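Chemist: this is a predicted model, with the sequence first.
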Amino acid sequence: MTTRSPDALAATVHALAAELGFSGLGVSGLDLAVAEQRLETWLARGYHGEMGWMARHGRKRSRPQALVPGTVRVISARLDYWPQTAAPAWPVLDDPHLGYVSRYALGRDYHKLVRRRLQLLADGIAAAIGPFGYRVFTDSAPVLEKPLAQQAGLGWVGKHTCLITRHGGSWFFLGEIYTDLPLPVDPPASDHCGSCHACIDVCPTGAIVAPYVLDARRCISYLTIELAGPIPTELRPLMGNRIYGCDDCQLTCPWNKFAHASEEQDFAPRHGLDAPRLVDLMDWTAEQFDARLAGSAIRRIGHERWQRNIAVALGNAPTGDTAVLACLHRHRDSPSPVVREHVAWALERHVGDHATRI
C-alpha cells in the first residue's frame with residue numbers, strides 16, 4: 001500500500017468520486033450507538049411491519065465491524081436520481097386517471113448502477129494505492145446508510161426520515177464502501193429542518209407519527225412495495241393514485257428547491273411510467289409486466305402486487321368513469337385472490353356492492 005498521507009489519500013478518493021459522477025462523498029467512523037438505540041426502539045414498536053429483514057442480523061446493521069471484520073471507516077457516497085425529463089409530479093398526482101410511480105423507480109434499477117459505480121471507485125483507489133480491504137454496499141446488506149451518511153457529512157436525516165443535504169435536497173441514492181483504510185473522518189452534518197413540518201402535514205396516510213419517526217405500516221411506499229397481502233381497507237382511500245411508492249414528503253420539502261436533476265440516462269423514464277394511464281397499466285399481462293419492467297426496481301414486486309396497487313388507484317378514480325368501470329370488470333375474475341378482492345373493493349367504491357354481481 002502507498003505511504004501517502006491520510007489527507008492526500010482522502011483527496012484522491014474525493015477526486016475519483018467526482019470523476020465518476022457522484023454528487024457527494026464523505027467518510028465516517030463506526031460509532032452508531034445512538035442510531036442503534038433508535039433502531040431497536042423502532043423495531044420494538046413494530047413500525048417495520050412485515051419487513052422482517054430489518055430485525056435480522058442482530059446488531060450487525062449498527063456495528064459495521066461486526067458485518068465486515070477489519071472495517072475502520074465507512075465511505076458514503078450519494079448519486080442524484082431526479083429524472084430531468086419526467087413529467088412534473090404534482091400534476092400527475094392531481095390527475096386520478098393517471099398512476100404515480102415514485103421518481104426513483106422510473107428508469108432502470110439503481111442497485112446495479114450505484115454498485116457498479118462504487119466498485120469503479122474502489123478499483124480506482126486500488127490502482128492509486130495498491131490492494132486494500134473493502135466491501136461495497138448499495139441497499140444490499142444490513143447497513144444503517146442514513147446515519148452513516150449523516151456522520152460522513154453528506155446530510156441530515158430529516159423529519160420524514162430521508163437524508164437531506166442543504167445544497168442538493170433529498171433526491172439521491174446512497175451507497176457505502178466499508179474499508180480498512182484509516183482515512184480522516186469528515187465532520188457530521190447538522191440538522192436544518194428547524195420548525196418546518198411540511199412533510200408531516202402532507203403525508204397522505206399520517207405515516208410520520210412524530211418528527212423523525214415513521215410508522216412504515218402506514219407508509220404508501222411500504223404498502224405498495226413491501227406488503228405482500230391485502231392493503232388495509234381503511235388506508236386504501238388515502239392512497240389516491242400512488243401505485244408504486246410515494247414522494248409527497250420529498251415533493252413538499254423546501255430543501256428540494258436546491259435538488260439537481262440527474263444526467264444518468266438509466267434513470268430516465270421508460271414505458272411512459274412518469275404519467276401512465278391506470279387502465280392501460282391494469283391491462284398489462286404478467287408477460288408484459290416482466291418484459292417491460294426488465295431491469296426495473298418495480299419488477300421485484302411482481303405482477304400480482306402491481307395489479308393490486310392499480311386496483312386501489314382505480315377505486316379512487318372518479319365515480320362513473322366508464323373506462324375505469326370496464327377495466328375493473330375485465331379483471332374481477334383475476335386468478336389472484338388478492339387482486340380479485342381489491343378489484344371488488346374498487347367496484348363497490350364506484351357503484352355499490354351489486355357491481356360485483358354484474
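Modeler: Perfect, thanks for sending it.

Chemist: hmm, L106 and R270 touching each other?
Modeler: Yes: with contact defined as Cβ atoms under 8 Å, R270 counts as touching L106 (6.9 Å). All C-beta spots, glycine's among them, are computed from the backbone N, C-alpha and C.

Chemist: so which of these two has more stuff around it?
Modeler: It is L106, of R270 and L106, that has more neighbours when counted by other Cβ atoms under 10 Å, with 25 against 18.

Chemist: ok, and the closest non-adjacent residue to the more buried one?
Modeler: P269 (4.2 Å; Cβ to Cβ, 6 or more residues apart in numbering).

Chemist: the one you found contacts P83, doesn't it?
Modeler: Yes: using Cβ under 8 Å, P269 makes contact with P83 at a distance of 5.8 Å.

Chemist: tally of neighbours for E263?
Modeler: A count of nearby residues for E263, using other Cβ under 10 Å, gives 10.

Chemist: show me the contacts for the residue nearest the centre of the chain.
Modeler: When Cα atoms, centre = their mean is applied to the chain, the residue found nearest the centroid is Y104 (6.7 Å). With Cβ atoms under 8 Å, 6 or more residues apart in numbering as the criterion, the residues that contact Y104 are 81, 110, 171, 173, 245, 297.

Chemist: and it, what pLDDT?
Modeler: Looking at Y104, its pLDDT is 97.

Chemist: if I look at it, how far off is E234?
Modeler: For Y104, the distance to E234 (Cβ to Cβ, to the nearest Å) stands at 27 Å.

Chemist: before we move on, what about R300?
Modeler: In terms of Cβ to Cβ, R300 sits 27 Å off from E234.

Chemist: for the helix or strand hosting R38, list every residue counted as buried.
Modeler: Using DSSP states H and E, R38 sits in helix 33-44. Judged by neighbour count (16 or more other Cβ atoms under 10 Å), helix 33-44 contains these buried residues: 35-36, 38-39, 42.

Chemist: same thing with stretch 293-302?
Modeler: Within stretch 293-302, the residues that count as buried by 16+ other Cβ under 10 Å are 293, 296-299, 301.

Chemist: for stretch 188-206, same thing?
Modeler: Across stretch 188-206, burial judged by 16+ other Cβ under 10 Å covers 188-189, 193, 196, 198-200, 203-205.

Chemist: next one: stretch 246-265
Modeler: Neighbour-count burial for stretch 246-265 [16+ other Cβ under 10 Å]: 246-253, 255-256, 259, 262, 264.

Chemist: and which of the residues you listed is nearest to F289?
Modeler: Lowest distance from F289 to the buried residues of stretch 246-265 (Cβ to Cβ) belongs to C246, with 20.7 Å.

Chemist: give me every residue that touches the closest one.
Modeler: Applying Cβ under 8 Å, 6+ apart to C246 gives the contacts 100, 102, 204, 219-221, 224.

Chemist: by neighbours, which of those wins?
Modeler: Y100 (29 neighbours).

Chemist: does it really touch D248, like I thought?
Modeler: No: with contacts counted by Cβ under 8 Å, Y100 stays clear of D248, the gap being 9.4 Å.

Chemist: in this structure, which spans are helices?
Modeler: Along the chain, counting by DSSP state H, helices occupy 6-19, 33-44, 64-67, 89-93, 110-129, 145-151, 198-202, 220-221, 248-251, 278-282, 286-292, 302-315, 322-330, 337-351.

Chemist: out of those, flag the one nearest I177.
Modeler: Between I177 and the helices of the chain, the tightest spacing by Cβ to Cβ is seen for helix 110-129, at 5.9 Å.

Chemist: re the thing from before, and the helices of the chain: which comes nearest D139?
Modeler: Nearest to D139, of the helices of the chain and by Cβ to Cβ, is helix 110-129 at 6.3 Å.
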